[in-house]
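Participant: sequence? don't have it. structure:
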């Protein structure tokens, strides 16, 4: 039985359904991720058209169903994040963040902490923070939601918390330099990249400031995170592949 509710939510994505209707996935802190059917939204003339665009957030008035599709009836106080819609790089990373959140938990499962991470991440990208840094921070934090978070805090052999570290699949943790020999197949990462990922795993989203990361270090951070998502999560999203391809023609886009 449906119940009319006002719920806070973030639009993860929408899909056209027939000529004028949409299916819209909205992440709410109270009910988790829900799929909504929205009828009669033809371009900008529909009352809810702007409210159901990807990354839009605010209050949605809806008939919530325990299973199957729910139905949107109205919205208010909607933020549409214009920069996330119009900047191809911001849009790509915002799309990836939403896709990761969608993959991390089942529908109808409340997860307020994950909701807050997504909301804060989208806000930071819209405010002008480096999209790849915000995405990497969330990738690191989402590993815990996926249930595969490595031990980034201390050496998997001796428990040491300071010094030079690398990552080891064998230990599913970092290794200090004194125990690199324990895993010859460790990733041989730049220690600065490991340091930053360790920081990403614990930093509060409200404490993030402007950062400048060398391209070589950024590549190493991404190598570690891509490895973890490939080996531990087993997830290969189309939105991530798009980002990888996007950087190959980034210079051409900026010249245009």
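Facilitator: Perfect, I can see it now. Computed from a prediction, not measured in an experiment: that's the story for all the values here.
Participant: nearest spatial neighbour of residue 71, skipping sequence neighbours?
Facilitator: Leaving aside its sequence neighbours, residue 71 sits nearest to residue 63 (Cβ to Cβ, 6 or more residues apart in numbering; 4.4 Å). For the C-beta atoms, the positions are set from N, CA and C on the backbone; glycine is no exception.
Participant: now that neighbour: how far from residue 74?
Facilitator: In this structure, residue 63 and residue 74 are 11 Å apart, going by Cβ to Cβ, to the nearest Å.
Participant: more crowded one of those two?
Facilitator: Set residue 63 next to residue 74 and count neighbours by other Cβ atoms under 10 Å: residue 63 wins out with 16 against 13.
Participant: how about that one, phi and psi?
Facilitator: The phi/psi pair for residue 63 (degrees, to the nearest 10) reads phi -90, psi 110.
Participant: and if you look at residue 59?
Facilitator: phi -110, psi 130.
Participant: isn't it right up against residue 10?
Facilitator: No. In this structure, residue 59 is not within contact of residue 10 by Cβ atoms under 8 Å, at 11.4 Å.
Participant: out of those two, which sits in the busier spot?
Facilitator: Taking neighbours as other Cβ under 10 Å, residue 59 and residue 10 compare with residue 10 leading, 24 against 15.
Participant: Count the neighbours of the residue nearest to that one when sequence neighbours are not counted for me.
Facilitator: The shortest distance from residue 10 to any non-neighbouring residue, by Cβ to Cβ, 6+ apart, is to residue 57 (4.5 Å). Residues near residue 57, counting by other Cβ under 10 Å, number 21.
Participant: got it, and residue 33?
Facilitator: Other residues lying near residue 33 total 23 when counted by other Cβ under 10 Å.
Participant: so who does it touch?
Facilitator: Taking Cβ atoms under 8 Å, 6 or more residues apart in numbering, we find residue 33 in contact with 12, 25, 26, 27, 101, 102, 105, 106, 107, 108, 109.
Participant: would you turn those into JSON lines with pLDDT, distance to residue 148 and neighbour count?
Facilitator: Output for the contacts of residue 33, formatted as JSON lines (pLDDT from 0 to 100; distance: Cβ to Cβ, whole Å; neighbours: other Cβ atoms under 10 Å):
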{"residue": "12", "pLDDT": "98", "distance to residue 148": "22", "neighbour count": "20"}
{"residue": "25", "pLDDT": "96", "distance to residue 148": "23", "neighbour count": "20"}
{"residue": "26", "pLDDT": "97", "distance to residue 148": "26", "neighbour count": "26"}
{"residue": "27", "pLDDT": "98", "distance to residue 148": "21", "neighbour count": "24"}
{"residue": "101", "pLDDT": "98", "distance to residue 148": "16", "neighbour count": "22"}
{"residue": "102", "pLDDT": "98", "distance to residue 148": "17", "neighbour count": "16"}
{"residue": "105", "pLDDT": "97", "distance to residue 148": "14", "neighbour count": "17"}
{"residue": "106", "pLDDT": "96", "distance to residue 148": "16", "neighbour count": "8"}
{"residue": "107", "pLDDT": "95", "distance to residue 148": "21", "neighbour count": "13"}
{"residue": "108", "pLDDT": "93", "distance to residue 148": "23", "neighbour count": "15"}
{"residue": "109", "pLDDT": "95", "distance to residue 148": "18", "neighbour count": "11"}
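Participant: which one of those is nearest residue 205?
Facilitator: Nearest to residue 205 out of the contacts of residue 33 is residue 101 (Cβ to Cβ; 13.8 Å).
Participant: can you confirm that closest one is in a strand?
Facilitator: No. Residue 101: not assigned to a strand; according to DSSP: H, G, I helix; E, B strand; the rest coil it is helix.
Participant: Hmm, residue 118 and it touching each other?
Facilitator: Yes. The criterion here is Cβ under 8 Å, and residue 101 meets it with residue 118 at 4.9 Å.
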